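>>> Let's see this in three dimensions:
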Amino acid sequence: MGRNILHITNGDSLTYRLKDIKLVEGEFLTWREMLCEGPTEIKVETESSIKKRKAFLEKYYRITADDYEEKFVSQFEKLDNLQQYDEVILWFEYDLFCHVNMMAAISLLIRKSIKDTPVYLVCSGRIEHETKLMGLCELSDSQLKEHYHNKVLLSLDDLELAEYIWTLYCESNPKKIAGQIKKHSSFEYLSICLRAHLQRFPNMLTGLNVLEHNILEMVDKYQIKNVKQLMGYTLEYQGYYGYGDMQMKRVIARLFQFLDQTKDRLLLSERGKLALEHRKNFYNTQTLDWYYGGVKKYDYLYNDETHTLLKL
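Residues are numbered from 1 along each chain as shown. You can find the predicted model right below:
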């Protein structure tokens, strides 16, 4: 008799891929959220959390409340009786986008009394003989199969660490997250993702964060023709953020004051040059009511020399 397995995947593309190649059997819960942006609450399944996420996603990404109910909230029903599953397998990638979702999923599993059920992680990232980090859907069938067979059994300490960091993420003091960066765990990319999260707060010298600064650096360094081509560069070379098209469009739109478009080239404006060279602080031109979990982005500044946050 086969084992009853629940697979929690990081999106539709992977769910379809796993079903198509018949790599695994079992029930699928597709985690269709982007909790790395916008306000969050610890209990993602509660009415107040759902209401808050609906308002954020509709305002900034035109995702309707009905779509959110259908594509995300409806998935929670699959967790109503976790005892029926012999094991749970998480399918998440190396980036911050995936790690925040993964920690929220683990927190939810723990509230559903998962502690007596084995939980495994399949996580992609560095691949032998590859120069770039690879997402799960970028793997070949044989590579995906190898990742599945090498899945990592998460210990109770691993699960509780993920739950704790998710709690910190939903609170208003991101400084506490810095204390978790050096914690040992089975999450190979967790420390890098936590550092990447802290670097999303504006630099104390320029008012721009690391990703925004890197985008200006790309414009200065490469022969980029237009914003469309810049989008391709930023998606390809964003490092550990894992942002999609919708998120990256918002990031680039906030940088238009630092860019000039000529007939055949995208260039830095005078403001862009000053920001890139750390010669002027543009904090006051960037502030908006934007949340990362439980904290507003512009309530803290990042010191890239000490790698610490300063509360305003």
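>>> Wait, Y243 touches Y237, no?
No: contact criterion Cβ atoms under 8 Å: Y243 and Y237 do not qualify, at 11.6 Å. C-betas here are computed from N, CA, C, even on glycine.
>>> Those two: which has the busier surroundings?
Y243 (20 against 13; other Cβ atoms under 10 Å).
>>> Just give the nearest non-adjacent residue to the more buried one, would you?
F97 (6.4 Å; Cβ to Cβ, 6 or more residues apart in numbering).
>>> can you pull the pLDDT of the one you found?
pLDDT for F97: 98.
>>> Distance of it relative to R200?
12 Å (Cβ to Cβ, to the nearest Å).
>>> of these two, who's got more company?
Between F97 and R200, counting by other Cβ under 10 Å, F97 is the more crowded of the two (25 against 20).
>>> Show me which residues of the helix or strand harbouring the more buried one are buried.
Here F97 sits within helix 96-111, counting by DSSP states H and E. Within helix 96-111, the residues scored as buried using 16 or more other Cβ atoms under 10 Å are 96-110.
>>> out of those residues, who's nearest E128?
Closest to E128 out of the buried residues of helix 96-111 is C98 (20.8 Å), distances taken as Cβ to Cβ.
>>> hmm, back to that, my read: the residue nearest to Y243 touches G239, true?
No: contact status for F97 versus G239: not in contact, 11.6 Å apart, counting by Cβ under 8 Å.
>>> Grab the nearest non-local neighbour of R126.
Closest to R126 by Cβ to Cβ, 6+ apart is L133, at 6.3 Å.
>>> Please give me every residue in contact with that neighbour.
By Cβ atoms under 8 Å, 6 or more residues apart in numbering, L133 lies in contact with Y94, D95, S124, G125, R126, I127, Y240.
>>> correct me, but R3 touches V88?
No: between R3 and V88 no contact is recorded; they are 11.3 Å apart, counting by Cβ under 8 Å.
>>> So for these two, which sits in the more crowded spot?
Set R3 next to V88 and count neighbours by other Cβ under 10 Å: V88 wins out with 25 against 9.
>>> Tell me who's in contact with the residue nearest to Y243.
So F97 contacts M34, C36, Y241, G242, Y243, G244 (Cβ under 8 Å, 6+ apart).
>>> what does L309 give?
L309 neighbours (Cβ under 8 Å, 6+ apart): P174, K175, A178, L198, F201, Y300, L301, Y302, N303.
>>> Among these, which one lies nearest to D220?
Using Cβ to Cβ, Y302 comes nearest to D220 of the contacts of L309, at 21.1 Å.
>>> tell me, what residue is most central in the chain?
When the chain is reduced to its mean C-alpha position, the closest residue under Cα atoms, centre = their mean turns out to be F97, at 1.0 Å.
>>> Which two among the contacts of L133 are spaced furthest apart?
So, the contacts of L133 by Cβ to Cβ: farthest apart are I127 and Y240, at 15.4 Å.
>>> Of the two, give the one with the bigger neighbour count.
In this view I127 and Y240 are compared by other Cβ under 10 Å, and Y240 has more residues nearby, 21 against 16.
>>> Helices of the stretch 51-200 of the chain, start to end?
Shown for the stretch 51-200 of the chain, the helices assigned by DSSP state H, counting those that start in this stretch span residues 65-71, 96-111, 141-149, 156-170, 175-178, 190-198.
>>> The least confident helix or strand in the chain by mean pLDDT: which residues count as buried?
Lowest on mean pLDDT, DSSP states H and E among the helices and strands of the chain sits helix 283-286, with a mean of 89. Buried residues in helix 283-286, counted by 16+ other Cβ under 10 Å: Y283, Q286.
>>> residues in contact with stretch 264-278?
Residues from elsewhere that reach stretch 264-278, judged by Cβ under 8 Å, 6+ apart: 203, 205-208, 213, 216-217, 219-220, 223-227, 229-230, 255, 257-261, 280, 282.
>>> tell me which residues in stretch 288-301 are buried?
Those would be W290, Y292, G293, G294, V295, K296, K297, Y298, D299, Y300, L301, for stretch 288-301 by 16+ other Cβ under 10 Å.
>>> Okay, and which of those residues map to strands?
Per DSSP state E, strands hold the following members of the buried residues of stretch 288-301: Y292, G293, V295, K296, Y300, L301.
>>> Test my guess that the fifth one contacts N203.
No: the pair Y300 and N203 does not pass the contact test of Cβ under 8 Å, sitting 11.0 Å apart.
>>> picking that back up, would you tell me which of the helices of the stretch 51-200 of the chain gets closest to K311?
The nearest among the helices of the stretch 51-200 of the chain, by Cβ to Cβ, is helix 175-178 at 7.5 Å.
>>> what mean pLDDT would you report for the closest one?
Mean predicted confidence for helix 175-178 is 95.
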